[in-house]
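In: based on what follows, work out the 3D shape:
(one chain, ligands or ions: 1)
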Amino acid sequence: MGIIDTHCHLDQIENLDDVLQRATEANVEAIVAIAMNLESSKNILALKEKIQTPQICIGLGMHPAETNLDELDELKTLIYDNKDRLHAIGEIGLDYWYKWVRNDEAKKEEQRRAFRALLEVARDLDLPVVVHSRGAWQDAYDMVCDVGVKKCVFHWYDGSLSVLQNIMKDGYFVSTTPNLGYNANAQAAISQANIKQLLIETDSPVYFLNRKTDEGFKAEPKEVWRTLKAYANLKNINQQEALAIFNANARSFFNII
Ligand SMILES: [Zn+2]
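Out: Prediction:
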């Protein structure tokens, strides 16, 4: 059975041809390519033209770390111009953990403005959103509800369990990465998530480091198998059974045909 990596920063990957070759060999059927900012959104649209396999599904957005209100209008235009080619709006969201944001209300407000604007675009276009919410889980959740987005995944979720309960109650999704294999916060959250509202991903090309064992690796889409294995171990569930559910979740969430 094939597998889908639902969150990959395709335009940031080095030696992309080799990485995609390895993904195909590892039975990765589809990759959801997630943008960081305006330039990255343009790059992903261009990459989509060049890549045959695996299937590439596009999400355009502005990551909270890349918040730039001056580029917001151009990004919105790019999204509307390409709306029929998109499977998501993302990555968008809030992150209050960055040092330059933590104690700066103005920076937080900039993030919220960009986030709200792009949530509204997603609502208008009826596209699912991929939300980054580190250290801002409650605010991110409140804004998603407030704007009234139908489909949302809180990506790499390792946050508050009370927010998680609300996410589940509302029918929204969370996703998890290979760090589920060793990170206690991720394990605590994901063990409480309904498997029907869960997606698996890699956030490639992020570097995963297990601080207890000092073992690390640079993520690429084929490592989504590690995420699956970590989940099957955590929940003591058959891997193929879990995979069938994750594939169905990803296909229906991102409308992958
Ligand atoms: Zn990401």
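In: helices or strands next to the helix ranked longest in the chain in the packing?
Out: The single longest helix within the chain, with elements called by DSSP state H, is helix 105-125. Under the contact criterion of 3 or more C-beta pairs under 8 Å, 6 or more residues apart in numbering; DSSP states H and E, the helices and strands touching helix 105-125 comprise helix 72-81, strand 86-93, helix 99-102, strand 129-132, helix 137-147. Yep, even glycine has a C-beta here, placed from its N, CA and C like the rest.
In: downstream of the last one, the next helix or strand is which one?
Out: With elements assigned by DSSP states H and E, the helix or strand that comes after helix 137-147 is strand 152-154.
In: residues of the protein that sit close to the ion?
Out: For the chain, the residues found near the ion under the criterion C-beta under 5 Å from the ion are 91, 203.
In: the strands in the chain, which residues?
Out: With DSSP state E, the ranges of strands along the chain come out as 3-8, 28-34, 55-60, 86-93, 129-132, 152-154, 173-176, 198-200, 207-210, 215-218.
In: now tabulate those in CSV and tack on mean pLDDT.
Out: Conversion of those to CSV gives the following (pLDDT from 0 to 100):
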stretch, mean pLDDT
strand 3-8, 98
strand 28-34, 98
strand 55-60, 98
strand 86-93, 98
strand 129-132, 98
strand 152-154, 98
strand 173-176, 98
strand 198-200, 98
strand 207-210, 96
strand 215-218, 96
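In: what's the most buried one of the ones you listed?
Out: strand 129-132 (a mean of 30; mean count of other C-beta atoms under 10 Å).
In: and that strand, how far out from the chain's middle?
Out: Strand 129-132 has its average C-alpha position 6 Å from the chain's average C-alpha position, going by C-alpha atoms, centre = their mean, to the nearest Å.
In: does anything pack onto it? Which helices or strands?
Out: Counting contacts by 3+ C-beta pairs under 8 Å, 6+ apart, strand 129-132 is packed against strand 86-93, helix 105-125, helix 137-147, strand 152-154.
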